[in-house]
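[1] This is a predicted model, with the sequence first.
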Amino acid sequence: MSALPKPIYPNILTDPYITAGDTVRMDVIAQGAYGSPQEWWRLAAANLKVNGSLYFRPGTQIVIPRR
């Protein structure tokens, strides 16, 4: 049985934000922010993105939590 990752609580005062453009994917952001597209789950957890898509809607404010 695999353990679930710990919840991520972004720091709204210090963590950077970006605004999603037309085709922003979590794996692409994770590659730039953390050096690995496999860290996409950090963005999903911090932004409460649980609909099964790697894409953010255009105009969405996305927090990029620090490790």
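    Alright, I've got the coordinates.
[2] Give the other helices and strands that the lengthiest helix in the chain contacts.
    In the chain, assigned by DSSP state H, the helix with the most residues is helix 26-34. Here helix 26-34 touches helix 40-46, going by 3 or more CB pairs under 8 Å, 6 or more residues apart in numbering; DSSP states H and E. (Glycine included, C-beta is placed from N, CA and C.)
[3] Run through who's touching the helix or strand just after the helix it packs on.
    Sequence-wise, the next helix or strand downstream of helix 40-46 (DSSP states H and E) is strand 55-56. With CB atoms under 8 Å, 6 or more residues apart in numbering as the test, strand 55-56 has contacts from A20, T23, V24, R25, M26, N47, K49, I62.
[4] cutoff 7 Å now
    A20, T23, V24, R25, I62 (CB atoms under 7 Å, 6 or more residues apart in numbering).
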